[in-house]
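Asker: sequence and predicted structure, then a few things I'm wondering about:
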Amino acid sequence: MIAAMDKRALLLFALVGLLFLGTGFLESWNTTLGIFNMALVSAIMALGVNMQWGYAGLFNVGVMGFVALGGLAAVLIGMPPVTAAWAAGGVQVLLALVLGAATIVAAILAYMKLPTGRLRAVVMIAILVLGFIVYRMVFDSGVALVEAVNPAAEGYLGGLGLPVLLAWPVGGVLAAGAAWVIGKTALGLRSDYLAIATLGVSEIIIAVLKNEDWLTRGVKNVTGIPRPVPYEVELQATAWFTDLAARLGADPVAMSSITVKLCYAALFIVVLLALIWFSEKAWNSPWGRMMRAIRDNEISAAAMGKDVKARHLQVFVLGSAVVGMAGAMMATLDSQLVPSSYQPLRFTFLVWVMVIVGGSGNNWGAVLGGFLIWWLWVMVEPLGSDALMMLTAGMAEGSWLREHLLASAAHMRLLTMGLVLLLVLRFSPRGLIPER
Amino acid sequence: MDILNAIVVLLNFVIIPATAYGAQLALGALGVTLIYGILRFSNFAHGDTMAFGTASTILVTWGLTGIGISIAPLPTALLALPFGILITMVLVLGVDRVVYRFYRRVKAKPIIFVMVSIGVMFVMNALTRFLPGIGVDDIRFADGERFLISVRTFRDLTGLEEGLAIRTTQAITVVVAAICVAALFWFLNRTRTGKSMRAFADNEDLALLSGINPDRVVMVTWLIVAALATTAGTLYGLDKAFKAFTYFQLLLPIFAAAIVGGLGNPIGAIMGGFLIAFSEVSVTYAFRKVVSYLGPEGWQPEGMIQLLSTDYKFAVSFSILLIVLLFRPTGIMKGKSI
């Protein structure tokens, strides 16, 4: 795998590695590992987006929604079930969801089976209206019952109580399902419709997570998702660990926190390497060549008998699944689902900057972009305020302009990300590690 | 059964707010659709252009009220609006010169333009927040008379149980939007420059052959878009409140309006704006009161009769968008599709 990278790529990776090492020496290793872990997750998100953009030229502006679906998976799989809530109204809520789905299926069947005309429209609308009324009657009372169960700590159905690692593939499956629905509708139409459709779906997914308390506790957040790695306090209470810390002469508290982060990093690296391997194999296979042929000239690829829409749908679903998986990994790392923390600038557009800067159409480039841009994203704010401090040092203490500039440092991230995106698109559109 | 009161409630909570909101969306969608028709890309920076325009209008408003100028009973922001438009025009022309012109020269794909516009969106968003006193908080800048008709006046006037309020900002929105739309259509249909813009939108090659200067068409388009975006944003801010992030979120209903109406079609954009606004407001409004007036005396329905909670208003514009995309991808009025 390493042999596939050229000198330039190796050099760039080494430079980014130096950035992280430098942060470690200058700040603290704990902070650096924290940044590194999120950088690993970001690199996986960038890989997913690169599949869509780099392989197929599909513009997905709804990355945030797929990330959030992954987070939902972590809750649904990892959290223990709230038996009282299930007993109160859980079955009723599920029944309502089944009824809702049945309504939609019935409406679609009516649309397909009945002959075109007024009758079809009337029957369809009747099915939808009746179905909606029944659904809401069952659903609303069920939800009220569930949310009344111990609302301060629970008030939701909980999850399945399975090992949280299972949530990673499940997050991928959830995201893939959503992507399939969007792709079915918006692919095959003009290219920017997909952008707008994904933007819309991601906003709706976040709205659902924020408001459906029975599912995610909404803005009350789900915290304490079980971890796949040991807890710090457990480590500190373990004999061999404290012994090792004493031998190394390290503070056991600091060392336990670093050890936990290293465990996460190991898990994430395994997933990242597996995905890179898979992506590189796919890229170099006949399938990958076909995808590029479609990307570069849809008409001639279609003339060669390639089903452009089906291939687009396939790669869109695959890429979204990878993003969803990364979302589940992120929620596992944070041990919580905070629906209000999902912001499009942070989760959609930042990932895009990673892909474009790193090099669209190159898996290694996307990964490099993930590491570099995440580091910048974390570091720009302190660096920006330091720079402004120096700039304004000559100005009078408490002068209006100085205060204003210092207060604006918080918005430096937006400006930097925008400028980076614009400059790279203009002067180096192929990115740091261009497509081979 | 009390039809009059039911109508008043419906007017007060659904029809009047939706009309004002629809007018704001229509102005926003007109900007998007013009860019789409002439520059041929979906401009994701439109929401933030609106935000920047509104923020500069707010700054001028503060300046004006600071030196004691006001046009009460109308809000001072109306006087500041032309200045806000000018500032925004300078900004968008600058952005076009520095950013977009290059991609026109190299004839980049539409999707590249979309990505570039996202970069511009970031930068404009940051610029707006950098403006002194703007930041990220809610800003209310509507001064002057609050109501054209207040609930109490209406009750005294008609003797009905229910009141009807028309806020000044709502009336201003509708009037200003109507003036803007009339001016725009006069410009597009009657003036030489407007006609050349339409020709350029219809067929770029033929327009170029007949000696239309593309740089001029593009410049005029940006000027109009800046004016529309600033007006739309200021009206929305007057009616509700200004917050940079809200304007980014407005992008979705605005795009929905433009697409539902048929991208590149100005009349469609206006219809789309009102369609989206009316559906958003009526789907998320609790009809309990209206129904209880229509039912027998002293009877009240059990539930709220609200189809969706207000938090899902984006879902409404989006569902309409999906339905249109599924059944009529070019929109109600026939738009372009490339």
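Answerer: Structure's in. What do you need?

Asker: list the contacts of the most centrally placed residue in chain A.
Answerer: The residue lying closest to the centre of chain A (Cα atoms, centre = their mean) is A:Val67, at 2.5 Å. Counting by Cβ atoms under 8 Å, 6 or more residues apart in numbering or on different chains, A:Val67 touches A:45, A:323-324, A:326-327, A:330, A:342, A:347. For every residue, glycine as well, the C-beta is placed using N, CA and C.

Asker: please name every helix or strand in contact with the helix or strand where B:Thr57 lies.
Answerer: Assigned by DSSP states H and E, B:Thr57 belongs to helix B:46-66. On a contact count with 3 or more Cβ pairs under 8 Å, 6 or more residues apart in numbering or on different chains; DSSP states H and E, helix B:46-66 meets helix B:16-39, helix B:77-95, helix B:110-130, helix B:214-239, helix B:244-261.

Asker: with adjacent residues omitted, what lies nearest to B:Phe248?
Answerer: Spatially, and ignoring its direct neighbours in sequence, B:Phe248 is nearest to B:Gly47 (4.9 Å; Cβ to Cβ, 6 or more residues apart in numbering or on different chains).

Asker: before we move on, the earlier item: would you turn the helices and strands packed on helix B:46-66 into JSON lines with mean neighbour count and mean pLDDT?
Answerer: As requested, those are exported to JSON lines (neighbours: other Cβ atoms under 10 Å in any protein chain shown; pLDDT from 0 to 100):
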{"stretch": "helix B:16-39", "mean neighbour count": "26", "mean pLDDT": "94"}
{"stretch": "helix B:77-95", "mean neighbour count": "20", "mean pLDDT": "95"}
{"stretch": "helix B:110-130", "mean neighbour count": "23", "mean pLDDT": "89"}
{"stretch": "helix B:214-239", "mean neighbour count": "24", "mean pLDDT": "95"}
{"stretch": "helix B:244-261", "mean neighbour count": "26", "mean pLDDT": "88"}
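
Asker: backbone dihedrals for B:Phe147, please?
Answerer: The phi/psi pair for B:Phe147 (degrees, to the nearest 10) reads phi -120, psi 140.

Asker: what's stretch A:74-93 in contact with?
Answerer: Residues external to stretch A:74-93 that are found in contact with it (Cβ under 8 Å, 6+ apart): A:138-139, A:141-146, A:148-150, A:154-164, A:166-167, A:170-171, A:214, A:216, A:222, A:225-226, A:328, A:331-332, A:337.

Asker: 7 Å - rerun?
Answerer: Identification of contacts with stretch A:74-93 by Cβ atoms under 7 Å, 6 or more residues apart in numbering or on different chains yields A:138-139, A:141-143, A:145-146, A:149-150, A:154, A:156-162, A:164, A:166-167, A:170-171, A:214, A:216, A:222, A:225-226, A:328, A:331-332, A:337.

Asker: same question for it, mean pLDDT?
Answerer: Averaging pLDDT along stretch A:74-93 gives 89.

Asker: what helices or strands is the lengthiest helix in chain A leaning on?
Answerer: The residue-count maximum for a helix in chain A (DSSP state H) belongs to helix A:252-284. With contacts taken as 3 or more Cβ pairs under 7 Å, 6 or more residues apart in numbering or on different chains; DSSP states H and E, helix A:252-284 sits against helix A:29-50, helix A:232-237, helix A:239-248, helix A:308-334, helix A:363-391.

Asker: and the next helix or strand past the fourth one?
Answerer: When you say that, I think you mean helix A:308-334. Helix A:308-334 is succeeded, C-terminally, by strand A:336-337 (DSSP H and E).

Asker: just give me how far that next one sits from the chain centre.
Answerer: A distance of 13 Å separates the centroid of the chain from that of strand A:336-337, by Cα atoms, centre = their mean, to the nearest Å.

Asker: now B:Asn203. Its backbone dihedrals?
Answerer: The phi/psi pair for B:Asn203 (degrees, to the nearest 10) reads phi -150, psi 100.

Asker: give me the distance between it and A:Val138.
Answerer: 55 Å (Cβ to Cβ, to the nearest Å).

Asker: between helix B:244-261 and the helix or strand encompassing B:Leu325, find me the angle.
Answerer: Applying DSSP H and E as the criterion places B:Leu325 in helix B:313-327. Here helix B:313-327 points in a direction 30 degrees away from that of helix B:244-261 (axes from the mean of the first three to the mean of the last three Cα atoms, to 10 degrees).

Asker: which helix or strand lies directly C-terminal to the lowest-mean-pLDDT helix or strand in chain A?
Answerer: When the helices and strands of chain A are scored by mean pLDDT, DSSP states H and E, helix A:400-408 comes last with a mean of 70. Moving toward the C-terminus from helix A:400-408, the next helix or strand (DSSP H and E) is helix A:412-427.

Asker: output that next one as PDB, restricted to C-alpha atoms.
Answerer: Extracted in PDB, the C-alpha atoms of helix A:412-427 (Å, rounded to 0.1, in the frame of the first residue of the first chain):
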ATOM      1  CA  MET A 412     -11.500  33.200  12.100                       C
ATOM      2  CA  ARG A 413     -12.300  29.600  11.400                       C
ATOM      3  CA  LEU A 414     -15.000  30.400   8.900                       C
ATOM      4  CA  LEU A 415     -12.900  32.900   7.100                       C
ATOM      5  CA  THR A 416      -9.900  30.600   7.000                       C
ATOM      6  CA  MET A 417     -11.900  27.600   5.700                       C
ATOM      7  CA  GLY A 418     -13.600  29.700   3.000                       C
ATOM      8  CA  LEU A 419     -10.300  31.200   1.900                       C
ATOM      9  CA  VAL A 420      -8.600  27.800   1.900                       C
ATOM     10  CA  LEU A 421     -11.400  26.300  -0.200                       C
ATOM     11  CA  LEU A 422     -11.400  29.300  -2.700                       C
ATOM     12  CA  LEU A 423      -7.600  29.400  -3.000                       C
ATOM     13  CA  VAL A 424      -7.200  25.600  -3.500                       C
ATOM     14  CA  LEU A 425     -10.000  25.500  -6.100                       C
ATOM     15  CA  ARG A 426      -8.400  28.400  -8.000                       C
ATOM     16  CA  PHE A 427      -4.700  27.700  -7.900                       C
END
